[in-house]
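In: Generate a structure from the sequence data that follows.
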Amino acid sequence: MTVSQNDAELHPLAEIDQIIHAPARLMVLTYLYVVESADYVFLMRVTGLTWGNLSTHLARLEDAGYVRLEKSFQGRKPHTTISLTPHGRSAFRAYKKSMQQVLDDLPD
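Out: Have a look, this model is predicted:
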């Protein structure tokens, strides 16, 4: 099968959201998609990301408007809660739909 450059430009993967598609951010968003919110420590544990690595990815997601970070204190300890924004939930649904289409279109 030969694919021209024009065909490649039309492929659904060409327009996939690269912010979401990064493996670490995809993990974070997948967990956040099914809960109302999660704290920083929970996300570190379930993703296996380090504090600094998770912080970097959350900053990128926050800059894109996909997550909201709420900082507070529990006693004297800082506590950060992360939740998907409506924009983030919509972007994740669109990403999920695009990936499902790509995978469904593959031959068996």
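In: Next one: Thr2, what pLDDT does it get?
Out: Per-residue pLDDT puts Thr2 at 52.
In: residues contacting Thr50?
Out: Met44 (Cβ atoms under 8 Å, 6 or more residues apart in numbering). For every residue, glycine as well, the C-beta is placed using N, CA and C.
In: mind checking the backbone torsions on it?
Out: When read as degrees, to the nearest 10, the backbone of Thr50 gives phi -80, psi 170.
In: what's the distance between it and Ala24?
Out: Note on Thr50: its distance to Ala24, by Cβ to Cβ, to the nearest Å, is 10 Å.
In: list the residues that contact both of those two?
Out: The overlap between the contact sets of Thr50 and Ala24 (Cβ under 8 Å, 6+ apart) is empty.
In: Give the rounded mean pLDDT of the top helix by length along the chain.
Out: Ranked by residue count under DSSP state H, the longest helix found in the chain is helix 86-105. For helix 86-105, mean pLDDT is 93.
In: what's it packed up against?
Out: Here helix 86-105 touches helix 18-21, helix 23-33, going by 3 or more Cβ pairs under 8 Å, 6 or more residues apart in numbering; DSSP states H and E.
In: Distance to Val41, mean pLDDT and mean neighbour count for these - can I get that in JSON lines?
Out: Output for the helices and strands packed on helix 86-105, formatted as JSON lines (distance: least, Cβ to Cβ, whole Å; pLDDT from 0 to 100; neighbours: other Cβ atoms under 10 Å):
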{"stretch": "helix 18-21", "distance to Val41": "23", "mean pLDDT": "95", "mean neighbour count": "16"}
{"stretch": "helix 23-33", "distance to Val41": "13", "mean pLDDT": "97", "mean neighbour count": "18"}
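In: looking at those, which is closest to Ser55?
Out: Evaluated over the helices and strands packed on helix 86-105, closeness to Ser55 peaks at helix 23-33, with 11.2 Å, by Cβ to Cβ.
In: ok, residues contacting stretch 62-79?
Out: Contact partners of stretch 62-79, identified using Cβ under 8 Å, 6+ apart, comprise 19-20, 28-29, 32, 37, 39-40, 58, 61, 80-85, 87-88, 91-92.
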